[in-house]
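Novice: with the input below, show me the fold.
(one chain, ligands or ions: 1)
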Amino acid sequence: MTRNMPCILNIALACAAWLASPALTMNASGRQLSSSRTVWDGVYTEEQATRGQTQYMQTCAACHAKDLRGGSVVPSLVEESFSFLFGGASVGELFSRIQRLMPSDRPNSLSSQSYCDIVAFILQSNKFPSGAKELDADLETLRRITVTTKQPEAQATQPQAQPMDRFVTVNGLRIHYLDWGADGKPPLIMLHGIGRVAHTFDHIATHFNKNYHVMAVDMRGHGESGWDPQGDYLVEDYVKDIEGLAQQLQLRNIVIWGNSTGGRVAQVFAGLHPDLTAAVISEDVGPERPREIADGVTSRIKQEDEKGWASEDELFAQLKAGNARTSDDVLRAYAHYGSKHRPDGRIIWKRDPKIGNGFVPTELWRFVSQIKSPIIYILGGRSTIVPAETQQVLKKTLSQVQIVTMPGLGHYPSEENPTDFLAIVDRFLAETSAAK
Ligand code: HEC
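Specialist: Numbering: from 1, shown residues only. Presented below is the predicted three-dimensional model:
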């Protein structure tokens with residue numbers, strides 16, 4: 001991982017963008033022939049589906065019902081009925097049939113755009129994923145998207161030695177995550193701390209992706225994910241994004257792991273969604289963030305962005321000086337994927353300076369007390385962030401809680417001593433799945 005990496009990364013991103021666009025093939029005369037796009041490729045946006053929903057409720061729900069399940073003489077527009085009617089057809093066909101025939105009492109009475117939005121809503125109701133671009137009301141384009149209710153083979157992935165870059169659009173933001181493969185296995189979501197990036201889990205992700213579908217998320221404002229225009233970066237805001245991700249990918253039985261701020265997000269998610277959560281790993285963080293810790297982050301962010309570093313190597317050297325126990329690989333990944341070039345060429349962190357807004361005194365007991373799944377807090381012995389009194393309250397609040405302290409370590413035990421940390425997690429997860 002040296003300084004020429006940004007080029008490789010750019011090429012990889014360009015390729016990802018290219019792959020996401022319709023794959024057109026040309027015949028000998030250069031005419032565009034066909035495409036391999038299906039409804040699984042994220043062909044509409046959430047916003048569009050919301051517009052379509054409003055239109056549907058006004059125009060279609062009286063006959064097809066609010067839940068789209070139809071009635072005695074009106075077909076359901078979801079599930080088997082939908083695949084029976086449209087499986088193997090194109091979205092263009094779906095669109096033009098609706099436009100030509102519906103509403104049955106006054107066909108073709110809406111604008112093409114409205115019909116298109118309704119189609120987006122029907123796709124969403126059939127649990128096809130949303131994407132970054134709206135469904136285009138152009139019939140030719142729509143004809144090149146196939147309706148297939150079977151998720152394509154390519155999406156049922158193998159464990160990866162290198163992650164795939166994937167995105168979901170939730171709450172108006174594009175959220176990037178690293179997909180380490182093994183889709184179909186129980187999901188394991190990894191959430192980083194403030195100012196960090198998904199790639200800081202690279203050194204441990206492959207330890208889990210034989211048994212879990214590992215997804216390491218760039219939280220909003222960080223890494224490749226979008227920045228919130230209002231600067232909303234409270235724990236609850238990050239949680240909304242994970243809820244959106246879980247919903248779009250239809251995740252259940254989730255093992256959720258976070259360090260630092262990511263650990264707070266994990267605790268809140270687990271408290272709000274006991275039905276979706278299989279286990280929680282909270283790395284050196286509890287339900288409270290006292291003022292001493294909250295203070296000073298915004299000014300540090302500002303200082304860092306003003307000063308910057310001459311090179312990635314210089315940033316790495318600074319990280320190394322402050323994290324002597326952490327291996328070079330981990331810190332190199334952090335410095336590389338967590339930074340970007342300022343216009344003048346200096347290196348700064350790749351994160352929204354407004355993330356400091358969310359770094360305020362925080363108290364999450366009302367969520368934590370609702371956690372029903374197994375939960376383990378793995379703390380660094382030198383870290384003071386979860387004091388003995390708080391540990392006592394945790395034990396009183398959650399009868400199932402486990403608290404393990406790793407002597408001599410600081411705020412990121414999984415980075416400082418991955419071997420012992422992983423042994424603790426393996427034991428915890430083995431118990432968790434045995435208890436089911
Ligand atoms: C007045 C009642 C009524 C309204 C309003 C209505 N539909 Fe229908 N729809 C039906 C009936 C009845 C059928 C089945 C008979 C048929 O295929 O014509 C049907 C069939 C369909 C089909 C299947 C068509 C096919 O290819 O066989 C779709 C898709 C559909 N409706 C979508 C919609 C949408 C979208 C709207 C709103 C824009 C809508 N409908 C409004 C009564 C209605």
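
Novice: drop to CA atoms for contacts and neighbour counts, all remaining ones
Specialist: Noted.

Novice: in the stretch 201-350 of the chain, which residue sits nearest the ligand?
Specialist: The ligand sits closest to Q248 of the stretch 201-350 of the chain, with a gap of 22.3 Å, by C-alpha to the nearest ligand atom.

Novice: how far away is that residue from I122?
Specialist: Distance, Q248 to I122, using C-alpha to C-alpha, to the nearest Å: 15 Å.

Novice: which of the two has more residues huddled nearby?
Specialist: I122 (21 against 17; other C-alpha atoms under 10 Å).

Novice: now for the more buried one: which residues touch it?
Specialist: Residues near I122 by C-alpha atoms under 8 Å, 6 or more residues apart in numbering: 49, 77-78.

Novice: who wins for neighbours among those?
Specialist: Neighbour counts for the contacts of I122 peak at A49, which has 25 neighbours (criterion: other C-alpha under 10 Å).

Novice: now it. Nearest residue, chain neighbours left out?
Specialist: What sits nearest to A49 in space, not counting adjacent residues and going by C-alpha to C-alpha, 6 or more residues apart in numbering, is F121, at 4.2 Å.

Novice: which element, helix or strand, includes the one you found?
Specialist: helix 112-125 (DSSP states H and E).

Novice: re the thing from before, check contacts around the residue nearest to A49.
Specialist: If you count contacts by C-alpha under 8 Å, 6+ apart, F121 has them with 48-53.

Novice: state the mean pLDDT of the helix or strand encompassing A434.
Specialist: Per DSSP H and E, A434 falls inside helix 418-435. Averaging the model's pLDDT scores along helix 418-435 yields 92.

Novice: do the same with stretch 375-382
Specialist: 97.

Novice: what stretches of the stretch 1-150 of the chain score poorly on pLDDT?
Specialist: Applying pLDDT under 70 to the stretch 1-150 of the chain picks out residues 1-36.

Novice: and the helices in it?
Specialist: 5-20, 46-59, 61-64, 79-86, 91-101, 112-125, 139-143 (DSSP state H, counting those that start in this stretch).

Novice: repeat for the stretch 151-300 of the chain
Specialist: Going by DSSP H, counting those that start in this stretch, the stretch 151-300 of the chain shows helices at 202-208, 235-248, 261-272, 291-294, 297-307.

Novice: would you mark the buried spots in the first one?
Specialist: For helix 202-208, burial by neighbour count (16 or more other C-alpha atoms under 10 Å) applies to 202, 204-206, 208.

Novice: deepest of the helices of the stretch 151-300 of the chain, which one?
Specialist: helix 261-272 (a mean of 27; mean count of other C-alpha atoms under 10 Å).

Novice: which secondary structure elements does it contact?
Specialist: strand 187-191, helix 235-248, strand 254-259, strand 277-283, helix 365-368 (3 or more C-alpha pairs under 8 Å, 6 or more residues apart in numbering; DSSP states H and E).

Novice: closest one to Y337 among the helices of the stretch 151-300 of the chain?
Specialist: helix 202-208 (10.9 Å; C-alpha to C-alpha).

Novice: which residues does that closest one contact?
Specialist: 159-161, 180, 214, 329-330, 333, 418.

Novice: contact partners for the nearest residue to P374 once chain neighbours are set aside?
Specialist: Take P374 and drop its neighbours on the chain: the residue closest to it by C-alpha to C-alpha, 6+ apart is A279, 5.0 Å away. Listed by C-alpha under 8 Å, 6+ apart, the contact partners of A279 are 254-256, 373-375, 429, 432.

Novice: so which of these also contact the ligand?
Specialist: Among these, no residue lies close to the ligand (C-alpha under 6 Å from any ligand atom).

Novice: what's the local residue count around the closest residue to the ligand within the stretch 101-250 of the chain?
Specialist: Residue nearest to the ligand within the stretch 101-250 of the chain: P103 (3.5 Å; C-alpha to the nearest ligand atom). Look at P103: counted by other C-alpha under 10 Å, it has 17 neighbours.

Novice: close to the ligand: what parts of this structure are there?
Specialist: Residues of the chain lying near the ligand (C-alpha under 6 Å from any ligand atom): 56, 59-60, 62-63, 73-75, 97-98, 102-105.
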